[in-house]
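In: need the 3D shape of this:
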Amino acid sequence: MQDVRWGQPVTFGLKGSARQAAPIALDFTESNASWTTDHFCGLDVRLPLAQREIVARFSLSPYLYKNQVLKQDLWIFMNGLLVGYSSLSGVTEISFAVPKAVLAARDVQLRFTIPTAAQPKALGVSADERRLGVLLQEVTFATS
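Out: Next comes the predicted model:
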């Protein structure tokens, strides 16, 4: 579990701080970002006590391939509650308000469900057998 301050980005990639966040199905071989490698993935963070509304921001890119993978559907859960959904077709930053009920506990299980994650090998692109969904660059939690 990684302790995170308000406004401090959780980073990904070779030297990313997310390596300390009990990652599930995340690949850390890229320099500044991490691919999700299955339909279900995530990490665990410990946030400060919330006194105000919280906003979660995600910088990411979907795995797309020509006319075969045109978008990635991303469902975001925190402590088991659905807090966000986005259909991604390009590099983007998404943000949403986090319900206070989610932050009753400072320990947060952040989970991603990506039912459209695709295997490059199955697409005939490469020998890569991972199920790629999104390339995560940063996740930031901030007070509003």
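In: lowest-confidence helix or strand of the chain?
Out: Lowest on mean pLDDT, DSSP states H and E among the helices and strands of the chain sits strand 2-3, with a mean of 85.
In: now for residue 29: which residues touch it?
Out: residue 14 (Cβ atoms under 8 Å, 6 or more residues apart in numbering). C-beta here means a position set from N, CA and C on the backbone, and glycine is covered the same way.
In: quick check: the residue lying farthest from the centre of the chain vs residue 72, distance?
Out: Within the chain, residue 124 marks the point farthest from the mean C-alpha position, 25.9 Å out by Cα atoms, centre = their mean. Here residue 124 is placed at a distance of 19 Å from residue 72 (Cβ to Cβ, to the nearest Å).
In: one more: residue 105?
Out: With Cβ to Cβ as the criterion, residue 105 and residue 72 are 29 Å apart.
In: and for residue 63?
Out: Between residue 63 and residue 72 the computed distance is 6 Å (Cβ to Cβ).
In: now do the shared contacts for these two.
Out: Here residue 63 and residue 72 have 117, 133, 134 as joint contacts, going by Cβ under 8 Å, 6+ apart.
In: wait, which of the residues you listed is closest to residue 98?
Out: Closest approach between the shared contacts of residue 63 and residue 72 and residue 98, by Cβ to Cβ: residue 134, at 19.1 Å.
In: check contacts around the closest one.
Out: Contacts of residue 134 by Cβ under 8 Å, 6+ apart are 35, 36, 60, 61, 62, 63, 72, 74, 88, 112, 114.
In: ok, so of the residues you listed, who is nearest residue 50?
Out: Taking these together and measuring to residue 50 by Cβ to Cβ, the closest member is residue 112, at 21.5 Å.
In: which strands and helices sit next to the helix or strand harbouring the closest one?
Out: Taking DSSP states H and E as the criterion, residue 112 maps to strand 107-113. Packing contacts for strand 107-113, counted by 3 or more Cβ pairs under 8 Å, 6 or more residues apart in numbering; DSSP states H and E, involve strand 40-46, strand 72-78.
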